[in-house]
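[1] Sequence unavailable; structure follows:
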């Protein structure tokens, strides 16, 4: 039996892999079937072409908080590890079998859903911001573990998110999976 991955797992950041988009598309379909989510979006750095990333597909699934337990049980039965609600309104599950995947159960009516899409779409549309973020990620990865990495890159994430929120109010609406 394989040990469960720790929340504060070791991390690496690698060059963008164009296969991430197709891996995410296949995994999205699986997660939709498993969780009965209304929508599943590919988010995070693997969703931004050209951006260095941890080689882990991040997905957010539109699941109402009242349905998080049932969706988490279904994902756990499919090989995910449930870390519970790691922030208000976000249930976090991971699978490290290929393709390594994180699933965030989030209601699409929440600001967290909108923020993740704004962040992703802004980076997709602004190569200079994406390059700056990529440099910050590589620097943060030198910390070696997920929590230190996240803390180190938090200032640039918050700055990009601030700009992306403003940008998103004028951006065309719709998903860009």
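    That came through, no problem. Note that the coordinates shown come from a computational prediction; the quantities given were computed from them, not determined experimentally.
[2] Quick one: mean pLDDT for stretch 36-45?
    Mean per-residue pLDDT for stretch 36-45: 97.
[3] what about it, how long is it end to end?
    With C-alpha to C-alpha, to the nearest Å applied, stretch 36-45 spans 25 Å between its terminal residues.
[4] how far is stretch 11-22 from where the chain is centred?
    13 Å (C-alpha atoms, centre = their mean, to the nearest Å).
[5] and the most centrally placed residue in the chain, what element?
    Nearest residue to the geometric centre of the chain (C-alpha atoms, centre = their mean): residue 58, 3.2 Å. In the assignment (DSSP states H and E), residue 58 maps to strand 57-62.
[6] So which elements touch the helix or strand that that strand is followed by?
    Counting by DSSP H and E, the next helix or strand C-terminal to strand 57-62 is helix 68-77. The contact analysis (3 or more C-beta pairs under 8 Å, 6 or more residues apart in numbering; DSSP states H and E) places helix 68-77 against helix 19-35, strand 81-87, strand 90-95, strand 101-106. In short, each C-beta sits where N, CA and C put it, glycine included.
[7] how much space is there between residue 155 and residue 133?
    Per C-beta to C-beta, to the nearest Å, residue 155 is found 11 Å from residue 133.
[8] Likewise for residue 68?
    Taken as C-beta to C-beta, the span from residue 68 to residue 133 is 29 Å.
[9] More neighbours: residue 155 and residue 133, which one.
    Summary of the neighbour comparison: residue 155 and residue 133, criterion other C-beta atoms under 10 Å, with residue 133 having more neighbours (23 against 10).
[10] right, and the more buried one touches residue 156 too?
    Yes: Residue 133 is within contact range of residue 156, at 6.0 Å (criterion: C-beta atoms under 8 Å).
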